[in-house]
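A.B. asks: Coordinates for the following, if possible.
(one chain, ligands or ions: 2)
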Amino acid sequence: MKGKLITLEGIDGSGKSTITSFLNSHPSFANAVFTREPTTSWIGDAVYKAIQSNTDELAELMLFTADHADHIETLIRPAIEEGKIVISDRYSDSRYAYQGVTLKERMEEPMEWIQMIHRGWTIIPDLTLLFDIDPAVAVQRCGKRGEQTKFEKIDLLKGVRENYLKLAEKEPERFVVIDTDRELKEIEKDVLQAITSIIES
Ligand SMILES: Nc1ncnc2c1ncn2[C@@H]1O[C@H](COP(=O)(O)OP(=O)(O)OP(=O)(O)O)[C@@H](O)[C@H]1O
Ligand SMILES: Cc1cn([C@H]2C[C@H](O)[C@@H](COP(=O)(O)O)O2)c(=O)[nH]c1=O
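C.D. replies: Ligands and ions are numbered 1, 2, ... in the order given. Sure thing, here's the model as predicted:
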């Protein structure tokens with residue numbers, strides 16, 4: 001039996017890592033493979049170096065994309081072929097949404113162009129949980145945690161959120177939008193329900 005790929009997406013501070021930790025300790029997912037992008041490989045390290053400095057935005061996209069290609073071939077594809085459930089904290093939609101903003105001065109319709117360069121080799125998730133929140137609330141939450149990336153700015157995150165919502169609108173069969181400006185217990189319940197329905201389908 002083929003496995004399933006579930007991805008968690010959303011702006012910085014939307015609560016993905018919090019829910020990933022919850023799922024990781026949930027007995028239903030004891031055999032699932034938990035992963036993330038940027039990955040922990042040397043290419044993922046290069047990505048973090050890039051986003052912690054003033055790197056050219058197109059070079060940044062290429063590094064993120066190289067990390068994705070390696071992630072698919074070394075971990076995602078083999079795990080899915082083994083019938084595993086793979087849960088990834090960020091995946092290709094992060095590129096469409098974030099670099100869709102950072103490259104908007106460089107080209108027309110960057111989001112569509114980035115999707116086009118993934119076509120034919122990326123693996124499309126079975127389910128994408130989009131953690132949706134007002135960027136002002138997310139930045140306030142990040143402030144308490146400490147700023148971790150250069151993308152944690154309200155104006156940039158507003159554009160990223162709009163891109164995510166456009167992606168969700170275009171593919172309603174893949175996306176489930178979760179309002180994360182709520183109590184954690186309510187969010188956990190919605191997440192479990194969405195994952196259960198995709199696993200049982
Ligand atoms: N439902 C919630 N209510 C209040 N605070 C929350 C909620 N969910 C997460 N937080 C807090 O918000 C902060 C950001 O959450 P988290 O690190 O899970 O976000 P993230 O989406 O993984 O961020 P990033 O993409 O930047 O890694 C953390 O301090 C976390 O404890
Ligand atoms: C995969 C991916 C990530 N990003 C951005 C999103 C975050 O600001 C950072 C990653 O940091 P995290 O807090 O450890 O998730 O990078 C991006 O711009 N494009 C991507 O493809």
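
A.B. asks: use CA for all of it now, contacts and neighbours both
C.D. replies: Will do.

A.B. asks: List the contacts of Lys4.
C.D. replies: The contact partners of Lys4, by C-alpha atoms under 8 Å, 6 or more residues apart in numbering, come to 80, 83-86, 125-126, 199.

A.B. asks: repeat for Val86
C.D. replies: Contacts of Val86 (C-alpha under 8 Å, 6+ apart): 3-6, 32-35, 76, 79-80.

A.B. asks: Show the buried residues in the contacts of Lys4.
C.D. replies: 80, 84-86, 125-126 (16 or more other C-alpha atoms under 10 Å).

A.B. asks: of these, closest to ligand 1?
C.D. replies: Val86 (17.3 Å; C-alpha to the nearest ligand atom).

A.B. asks: looking at this, that closest one is in a helix?
C.D. replies: No - judged by DSSP: H, G, I helix; E, B strand; the rest coil, Val86 forms no part of a helix; its state is strand.

A.B. asks: Distance of the residue nearest the centre of the chain relative to Glu108?
C.D. replies: Nearest to the geometric centre of the chain sits Arg90, at 2.2 Å (C-alpha atoms, centre = their mean). In this structure, Arg90 and Glu108 are 25 Å apart, going by C-alpha to C-alpha, to the nearest Å.

A.B. asks: can you give me the strands in this protein?
C.D. replies: Counting by DSSP state E, the chain has strands at residues 4-10, 33-36, 85-89, 127-132, 175-179.

A.B. asks: For stretch 130-139, which residues meet the burial criterion?
C.D. replies: 130-135, 138-139.

A.B. asks: Show me which of these is closest to Asp155.
C.D. replies: Ranked by distance to Asp155 (C-alpha to C-alpha), the buried residues of stretch 130-139 are led by Pro135 at 8.2 Å.

A.B. asks: I figured the closest one hits Gly15, correct?
C.D. replies: No - if you go by C-alpha atoms under 8 Å, Pro135 and Gly15 don't touch, sitting 11.9 Å apart.

A.B. asks: what's the angle from the helix or strand bottoming out on mean pLDDT in the chain to strand 127-132?
C.D. replies: Using mean pLDDT, DSSP states H and E, the weakest-scoring helix or strand in the chain turns out to be helix 135-145, at a mean of 87. Interaxial angle of helix 135-145 relative to strand 127-132 (axes from the mean of the first three to the mean of the last three C-alpha atoms, to 10 degrees): 90 degrees.

A.B. asks: Figure out how far helix 135-145 is from the centre of its chain.
C.D. replies: Distance, stretch centre to chain centre, for helix 135-145: 18 Å (C-alpha atoms, centre = their mean, to the nearest Å).

A.B. asks: Indicate whether it makes contact with ligand 2.
C.D. replies: No - Helix 135-145 does not reach ligand 2 (C-alpha under 6 Å from any ligand atom); its nearest approach is 9.8 Å.
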